[in-house]
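Q: dropping a prediction and its sequence here:
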Amino acid sequence: MRTRVVEDMGKYTGQILEEVYSQEVIEKRVTELAKQISKDYVGKVPILISVLNGSVFFLADLAKRLEIDCEFDFIKVSSYHSGTQSSGTVRLLKDISCIITDRDVIIIEDIIDSGLTARFLKHRILENQPSSVAFASLLLKPECLKLEFSADYVGFEVADRFLVGYGLDLDQKFRNLPSIWAFPVNMNL
Ligand code: IMP
Ligand code: MG
């Protein structure tokens with residue numbers, strides 16, 4: 001198990017992160033998801049709507065492996081004020097800019113925790129009357145779901161630990177790590 005020590009991050013300094021998904025494992029799973037999506041959308045040109053900022057690595061890697069044409073757009077919401085605690089409310093910070101009416105949309109998210117953000121996003125997209133909406137999340141924490149939400153494509157189901165890397169951040173840090181790391185279990189972040 002690869003580990004790394006958190007440096008220079010206030011109360012998180014000295015915490016030991018464990019690598020939970022290596023670059024190779026992520027690449028393999030993203031390739032599988034891309035194959036499945038390519039099969040499901042044969043003859044269609046879906047618009048991939050990436051949820052900023054966390055899902056950009058997933059979007060890029062997934063899109064490169066799709067065997068169908070696709071378009072991109074971006075949406076930004078905030079559900080965390082800071083640290084690891086959800087504020088419980090979701091705010092739209094940047095809306096999509098393309099027209100999605102009568103188009104096939106796939107929302108691309110990094111992780112589903114409580115499910116509040118995912119539900120908000122799906123409702124927001126449905127207001128524009130697309131032909132279809134699917135939800136692809138690289139990660140899902142099933143134990144943390146506070147509402148019924150089922151994603152159409154999920155990379156990995158994970159235990160309730162705070163994850164960083166491959167787009168996921170803690171207070172904007174660690175996003176650029178190429179693999180996914182977890183803070184210790186039972187650590188009071
Ligand atoms: P939810 O609304 O509780 O499902 O939270 C979803 C959002 O919270 C995700 O889009 C992430 O930005 C963030 N989030 C949830 N869990 C984690 C985590 O373990 N690491 C980093 N960000 C997370
Ligand atoms: Mg996110």
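A: Good, I have the coordinates. Ligands and ions are numbered 1, 2, ... in the order given.

Q: strands along this protein, start to end?
A: Using DSSP state E, the strands of the chain run over residues 3-5, 16-21, 47-52, 71-82, 85-94, 104-112, 132-140, 153-157, 163-164, 180-182.

Q: need those strands in a markdown table with mean pLDDT, distance to residue 64 and mean neighbour count, can you?
A: Bear in mind the C-beta positions are built from the backbone N, C-alpha and C, glycine included. As requested, the strands of the chain are exported to a markdown table (pLDDT from 0 to 100; distance: least, CB to CB, whole Å; neighbours: other CB atoms under 10 Å):
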| stretch | mean pLDDT | distance to residue 64 | mean neighbour count |
| --- | --- | --- | --- |
| strand 3-5 | 95 | 27 | 11 |
| strand 16-21 | 97 | 18 | 18 |
| strand 47-52 | 98 | 12 | 22 |
| strand 71-82 | 85 | 12 | 15 |
| strand 85-94 | 84 | 24 | 12 |
| strand 104-112 | 98 | 13 | 24 |
| strand 132-140 | 98 | 15 | 22 |
| strand 153-157 | 98 | 15 | 18 |
| strand 163-164 | 97 | 23 | 23 |
| strand 180-182 | 98 | 19 | 23 |
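
Q: save those strands as JSON lines, and put in distance to ligand 1 too.
A: Output for the strands of the chain, formatted as JSON lines (distance: least, CB to the nearest ligand atom, whole Å):
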{"stretch": "strand 3-5", "distance to ligand 1": "16"}
{"stretch": "strand 16-21", "distance to ligand 1": "11"}
{"stretch": "strand 47-52", "distance to ligand 1": "6"}
{"stretch": "strand 71-82", "distance to ligand 1": "4"}
{"stretch": "strand 85-94", "distance to ligand 1": "5"}
{"stretch": "strand 104-112", "distance to ligand 1": "5"}
{"stretch": "strand 132-140", "distance to ligand 1": "8"}
{"stretch": "strand 153-157", "distance to ligand 1": "12"}
{"stretch": "strand 163-164", "distance to ligand 1": "4"}
{"stretch": "strand 180-182", "distance to ligand 1": "8"}
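
Q: save those as TSV, and put in distance to ligand 2 too.
A: Output for the strands of the chain, formatted as TSV (distance: least, CB to the ion, whole Å):
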stretch	distance to ligand 2
strand 3-5	22
strand 16-21	17
strand 47-52	5
strand 71-82	7
strand 85-94	10
strand 104-112	5
strand 132-140	9
strand 153-157	14
strand 163-164	11
strand 180-182	14
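
Q: so can I have a markdown table of those showing distance to residue 59?
A: Below are these laid out as a markdown table (distance: least, CB to CB, whole Å):
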| stretch | distance to residue 59 |
| --- | --- |
| strand 3-5 | 25 |
| strand 16-21 | 17 |
| strand 47-52 | 4 |
| strand 71-82 | 7 |
| strand 85-94 | 15 |
| strand 104-112 | 5 |
| strand 132-140 | 9 |
| strand 153-157 | 13 |
| strand 163-164 | 18 |
| strand 180-182 | 16 |
